[in-house]
Every structure is written in structure tokens, then in C-alpha cells.
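Engineer: Here is my input; please provide its structure:
(one chain, ligands or ions: 1)
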Amino acid sequence: MEVECFVSKTLELLQEEREAEIEETKLWQENVSLKDLQSKGVCLLKLQIGSQSTGLYGRSLLLLEPRKHMGVSVLPSNNFGPGDIVGLYDLDGCKPSSQLCTGVVTRISQSAVTVACEDSPDGLNLDTDALYNLMKLANDVTYKRMKKALNTLNGYSSGPASDLISVLFGYSEPGSISQPNDLSFLNSGLDESQRQAVSFALSQREVAVIHGPPGTGKTTTVVEIILQVVKRGQKVLCCAGSNVAVDNLVERLAKAKAKVLRLGHPARLLESIQKHSLDAVLAHSDNTNIIADIRKDIDKAFMGMKKMNDKRDRIHLKREVGELRKELRTREATAIAEVLKRADVVLATNTGANDGGPLKNLPVDHFDWVVIDECAQALESSCWIALLRGRKCILAGDYKQLPPTIKSHTAASKGLSVSLMERLILKYGDSVVRMLTVQYRMNSNIMTWASEQMYQGQLVAHSSVEKHLLKDLPGVASVEETSTPLLLIDTAGCGLSEMEVTDDQSKGNQGEVDIVELHIKALTEAGVKPKDIAVIAPYNLQVDLLRQRLSARHPDLEIKSVDGFQGREKEAVVLTLVRSNRKGEIGFLAEDRRINVAVTRARRHLALVCDTQTVQTHGFLKTLIDHMTQHGDVRTAFEYLQGYSMSAVFYPSTNGCPSLQGSGKPPWSLWLNLFEIHCSTEGPYR
Ligand SMILES: Nc1ncnc2c1ncn2[C@@H]1O[C@H](COP(=O)(O)OP(=O)(O)OP(=O)(O)O)[C@@H](O)[C@H]1O
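Structural biologist: Prediction:
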């Protein structure tokens, strides 16, 4: 695809995406209820201020949490993430008139969200007993930066990235340069596929793609490549889509003693890596005192100006302030450039690498390499912000997991969701890619299905994980549930239908919540710690139902949507697929990459709760059911009731249908459903 064609098409699709995002945040104008906004994940209602503190560099941090229910606070499932721009509102709603301040989300957990306020909340007189609403705001900074990068790409005639652009758009073929055969690896523990990926990356002239399936040590490999490049005296710009991924790389590189520098709003960085941030390093630079003195001089001149009556004196002082400002800018730019040049690896998010920020102080050809991690989850246009600064690039990620989240279905279907990594693999095939093949996460029974369906059967489980089970964890008893890596709990025929909801985007299934609860009970009674278990569901509504049911008893249990759990792992994963209907409709379970992500989060145990009759209508899901049936334990939801005492009296009703009264232990809804099935023909019952 030619550059002009790519740029004009992408600009158009970005515009569509932008409009979809604005639409979403303007829903309040269309009388969409706040509750509906909350269920769409863009709004959090009735939060109270848990604490208010001053963060680094004087920024105010508000910890907001929902009111406690049975002693715990649980946020509804939502789409908030670190770095999101949000508005804080009083309880009147989420209209501009009720906005109290704006801020940036710095942290979000199941129980609270922390916001770094742009305006000082001191002046707002926030009441610690009052309740507030929080809403995501459309943020055009990212769009502006992507557009700018695309326009620069379009007009790019000569510069460091010329050869790279030429290869990435197919004007010329990727090339290689010879490397010494006896490459000495800094990390002696690398496996063969990781070593090959490192050698390959170093020998590519313009581009190398590192395909890292789940748990295969992608970051370990990327870190080795960067350290090798640094050892050769070259400079690296290293980016990823999310702050968390960038911080992870900063930590790993700093541990290996690389000279790293992290760009980005300090409020968004992990505390442990704050010391590597530009602000922190600048504060210790030689120029700091001079810069502070100039700032003081400017403040003093301003104070003086207020007191002056003589116009000529004021003009004179104004000129002086102008000069001081100029000097301040020059000194600051020099200080930033010095700090940046001293670093071997500069790290930022893709959009943080824009040329309007600190990087504008560096010569355009400063970096030899641009490394982009999580490349398959980023919009290609966001990668170009960084790529325009590199001669060569390394792209790492897994295009068999979920692509970037796109709100506009039209933009996604027209190609906006195709990542640069995917596009290059389609264009050049294996010639630019090396795949990591040894995985260090999953029991081989969990891995095999993903390997066969998504990775051409090439994955091998490392011996340290190959056979590991929950029962091998300290303090965990050996019972059926902890001795099997795969457990299918089939609800087919049990009548545990999905809930009828008007919003067709989200789905819930109370019966599956009941089953999940019973399975969690079995696991925790066997000694598995709740913090080692994740419950994941494809739908936000199901996540909410699960949290309502389970979070009070198990605050450490992580309950998340599949999309929200990408990049993570747990010893045990309980996955509920929710869909159960006569028509065999499975909605967005039909996205194979979503199922791949869900399954590959589990290290030692995967329990799948689903209605096989419904989900097997989809070929890909059928392969999972077949795999679990063949290699794992299978139970029907009916078996789950064994051991549960219940006293009940059944009476045939006048219309011939059985009715039920009684009391018993949960899960009551499950009993009701089963009762319908087992009592439909004969009677009377006692
Ligand atoms: N060569 C190796 N020998 C032993 N353990 C390894 C090796 N490479 C990676 N690991 C381990 O595998 C785990 C995953 O590694 P890493 O964090 O590098 O993977 P990743 O691919 O970035 O993860 P993800 O799959 O979540 O993207 C870590 O616990 C790491 O220590």
C-alpha cells in the first residue's frame, strides 16, 4: 500500500473513530440515563472520597470509591484505565454545568479509582461525606498527535526513517546485515527460540517482528535485544501502547543497569520507576539551580511590575521578563537535551513520543532503533509517532490476541483495527518474523489447544510448567478440582438461559454465576488463595453480577472482562461464556482472539462454564469444547448440586406445570431450572 493511500484512508477512519468517541461521551445530551452510561462503562456513579493526598510534584490525588456494601466497596465493571481524562461531577449529573474539575486516572482497581486532579481540589471544597460522579471525557490529544504523524509521514522526503518507510510500505524489500556468529548473550538463560529472535533482530537492516504468544518471554527477549543494541553504543527509543507495559520495560532494563529515561506525566507512572522519570532526573541535573534562580527572578519582576506606576519603568521590566523567559526556555531545552542524550534508552508511550514534547530537544536522527512492544494492540497511526524517529524498528507483540479497541464498527471493519504487525506479516510472511515457541506459563494441557488453533502447533511448554497443577502449590490439598488442568462444567440442558436484556451489547447469566460460585468455593476450600484465582467473562454485565455475588466474600478474587485481563495471568482461571439460548447465538464470542486471550491467562487450572449446545454452533469454540472433553474433566451443572441439602415440597400446579416451594441452600435459581426439567412429566411429587 502506498504511503499517500494509507495516510488518506487512515485519516478518514480516525475521524470516524473520533466522532464515535465524542458521541459516547455526549450521551448525556440525548437523555441517556446515568445508569445506562454506567452500564456502558463510561461513567461511575455515587463515589465517595476515600482519601485526598498530594502526589508527586504537588499534584492532588483523589481516591474515589463506591459506598461500602457489607464492609467492602466494589466498582461496577467499567472501561476506565490509567491515563484516561475524566471529569468529576456533583450528583446533579454529568453535564458541563455540574463539572467540578477534570483530571487523569492514575490507578484503577476493583474497589477504587485514583484521579490526579488538573485543578486543585482544595479550592473546590470537596465534602468527604458527599457523593460524586466520574465520567470519561473525549481526549483529542492522541488524535492530534496521530494526525500530525500521518501528515509528516505523507510529506516525508528524506530523514532517518526513509529506508524504514520504504520497506514498511513495500517500495523496497527488507534487508539484512551480517552479524558475528558468536553473539554473546547477556542473559545466559534464554531459550533457543529467544536466542534466534535476538540474533535475527540484530541482523535485520530495517525491521524485525518478534511474535510472542502468551507466556513465551517476549519482554525478556525485547530486553536482551535492547541491551545488545546499547552494548554496541547505539541509542534506542522504546515505546508501548500502555503506561503499564512501558513501566514494566523500564523496571526490567533498569535492573539490567541500562541508562534509562522515562518520559510521561509523572502522575501516570508507577511509583517504583518515578526516579527514572524526566522530571526526577532533571531535578538532579546541573542546570536545576540556575533554572530555579531564573524562575525566581521572573516572579520577582512580576511582583515589582504590579507596584510600578511609571509606564516607562513597566515597559522596561516587561522587556526584562521577556528576556528572562527566553533564557529560561533555552536553559530548560539544553538541560532536557543533555539528560536525554545521556540516556541509552528513552522510554515513552507511543503517543508520548510525539515531537511536541521533550523529544523536540533532540536532533531528529538521534535514535538508531525504535522498539515498539505490544505492537499488535496499537493503532498503526500511533506507532508512526515513534517510528518517524528511527532508522530501524523492532515490533513485538502477538497479533493472535485482541487488536486495539475501536469504538466505531465502521472504522474497524474498514481496516482501522489492523495493526502494523499484522499488516507486515501479511505482506512479508515469515521473512520478517521470528516466533518465540517455548512458553513459561501454562500446563501443557491448557497450552495445546491454543497452540494448535492459533500458533500452528509450534508452542512447547517449558519443563518447569508443563505438568504443574494447583495441588502442587503450597497449602493446597489434592482434590479433584486441584488435580485437573482442564475442567468443563457443561450447563447444556439445565435451562440456565442467558438473561433477557434490552441492551444487546451486554449479557448476563445468573445460573452460570451460581456455578462459578460453587467452583470458587471448592477451590478455596481446597486451599487455593483467592488472589491466585481470576474469574473472567466476555460481558461487562456478567462481570457485574459476579462481583455482586463474590467480591464481598473474596475481596482478593480478581473478576474482570476478558479484554480487561489481556496481558495478565493467574494460577486458576474460571471462565464463564454466558451465552445460552435456543438459537445458538453467540455474539462477540465469535472473535477467536478473544477466546484465545481468555484461555491463555491460566497457569495451572482452567474451568470453563458454558452451555456447550449453544457455543458449539461456532466452529472455533467447538474445537475448545472438543479439546476439553478429550483432555480434561467434564461435569454437568447438575452434578454441582450433589452434596447440597435442600428441603422442598413440590406440588403439581393446576395448569399441569409443577410448582415448587421450599427452602434450601443456594443456588436456588439452579434448582428451579433443574426442577423444570426433571419434574415435567410425572407427578405428584413430595
Ligand atoms: N528463557 C527463560 N527461562 C526461564 N524463564 C523464562 C525465560 N523467558 C521468560 N521466562 C519467564 O516467563 C515469564 C514471562 O516472561 P516475560 O515477562 O518476558 O513474558 P512476556 O511474553 O512479556 O509475557 P506475556 O506473555 O504476558 O506478554 C516470566 O516469569 C519469565 O521469568
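Engineer: Pick out the residue in this structure sitting closest to the ligand.
Structural biologist: residue 217 (2.8 Å; CB to the nearest ligand atom). Placement of C-beta: from N, CA and C, glycine included.
Engineer: where does that residue land on pLDDT?
Structural biologist: At residue 217, the pLDDT value in this model is 96.
Engineer: and if you look at residue 305?
Structural biologist: pLDDT, read off for residue 305, is 68.
Engineer: Mind checking what secondary structure residue 430 has?
Structural biologist: Assigned with DSSP: H, G, I helix; E, B strand; the rest coil, residue 430 falls in the helix class.
Engineer: Contact partners for it?
Structural biologist: Remark: with contacts taken as CB atoms under 8 Å, 6 or more residues apart in numbering, residue 430 is in contact with nothing.
Engineer: Residue 150 belongs to a helix?
Structural biologist: Yes - Residue 150 forms part of a helix when assessed by three-state DSSP.
Engineer: what's the spacing between the residue lying closest to it once chain neighbours are set aside and residue 404?
Structural biologist: Nearest non-adjacent residue to residue 150, counting by CB to CB, 6 or more residues apart in numbering: residue 7, 4.8 Å away. Distance, residue 7 to residue 404, using CB to CB, to the nearest Å: 18 Å.
Engineer: And residue 155, by the same measure?
Structural biologist: When residue 155 is compared with residue 404 (using CB to CB), they lie 25 Å apart.
Engineer: Looking at the two, which one has more neighbours?
Structural biologist: Between residue 155 and residue 404, counted using other CB atoms under 10 Å, residue 404 has the larger neighbour count: 18 against 9.
Engineer: Quick check: buried residues in the biggest helix by length in the chain?
Structural biologist: Ranked by number of residues, the top helix in the chain under DSSP state H is helix 311-342. By neighbour count on 16 or more other CB atoms under 10 Å, the buried set for helix 311-342 is 317, 321, 324, 328, 331, 332, 335, 336, 337, 339, 340.
Engineer: Can you verify my assumption that the second one contacts residue 295?
Structural biologist: No - counting by CB atoms under 8 Å, residue 321 stays clear of residue 295, with 11.5 Å between them.
Engineer: anything in contact with each of those two?
Structural biologist: Contacts common to residue 321 and residue 295, judged by CB under 8 Å, 6+ apart, are absent.
Engineer: in the stretch 401-550 of the chain, which spans are helices?
Structural biologist: Applying DSSP state H, counting those that start in this stretch to the stretch 401-550 of the chain gives helices spanning 409-411, 420-428, 444-454, 510-525, 540-550.
Engineer: Return the distance of the helix or strand that residue 252 is a member of from the chain's centre.
Structural biologist: Secondary structure from DSSP states H and E places residue 252 in helix 243-255. Mean-position distance between helix 243-255 and its chain equals 15 Å (CA atoms, centre = their mean, to the nearest Å).
Engineer: what about the stretch 251-400 of the chain, any weak spots by pLDDT?
Structural biologist: Low-confidence segments of the stretch 251-400 of the chain (pLDDT under 70): 266-268, 302, 305-306.
Engineer: Please repeat the previous calculation with a cut-off of 80.
Structural biologist: 265-272, 284-315, 317-318, 321-322, 324-325, 328 (pLDDT under 80).
Engineer: how far away is residue 560 from residue 50?
Structural biologist: 21 Å.
Engineer: Comparing these two, which residue is more hemmed in?
Structural biologist: Shown here are residue 560 and residue 50; by other CB under 10 Å, residue 560 has more neighbours (20 against 16).
Engineer: element containing that one?
Structural biologist: Counting by DSSP H and E, residue 560 is found in strand 558-561.
Engineer: Does that strand pack against any helices or strands, and if so which?
Structural biologist: Using 3 or more CB pairs under 8 Å, 6 or more residues apart in numbering; DSSP states H and E as the contact test, the elements touching strand 558-561 are strand 533-537, helix 540-550.
Engineer: Name the stretch among the ones you listed that sits most buried.
Structural biologist: Ranked by mean neighbour count, the helices and strands packed on strand 558-561 are led by strand 533-537 with a mean of 27 (mean count of other CB atoms under 10 Å).
Engineer: wait, residue 433 sits on residue 207?
Structural biologist: No - using CB under 8 Å, residue 433 and residue 207 do not qualify as a contacting pair, with a distance of 9.8 Å.
Engineer: More neighbours: which of these two?
Structural biologist: residue 207 (23 against 19).
Engineer: Pretty sure the more buried one sits against residue 392.
Structural biologist: Yes - using CB under 8 Å, residue 207 is in contact with residue 392, at 6.9 Å.
Engineer: Overlap of the contact sets of the two?
Structural biologist: Shared contacts of residue 207 and residue 392, counting by CB under 8 Å, 6+ apart, come down to residue 164.
Engineer: what about residue 484, neighbour count?
Structural biologist: That count, for residue 484 with other CB under 10 Å as the rule, works out to 21.
Engineer: Nearest spatial neighbour of it, chain-adjacent residues omitted?
Structural biologist: residue 633 (4.7 Å).
Engineer: Show me which residues of this protein sit near the ligand.
Structural biologist: 189-191, 194, 212, 214-220, 440, 567 (CB under 6 Å from any ligand atom).
Engineer: Recalculate using a threshold of 5 Å.
Structural biologist: 189, 191, 212, 214, 215, 217, 218, 219, 220, 440 (CB under 5 Å from any ligand atom).
Engineer: Narrow these to just the buried residues.
Structural biologist: 191, 212, 214, 215, 217, 218, 219, 220, 440.
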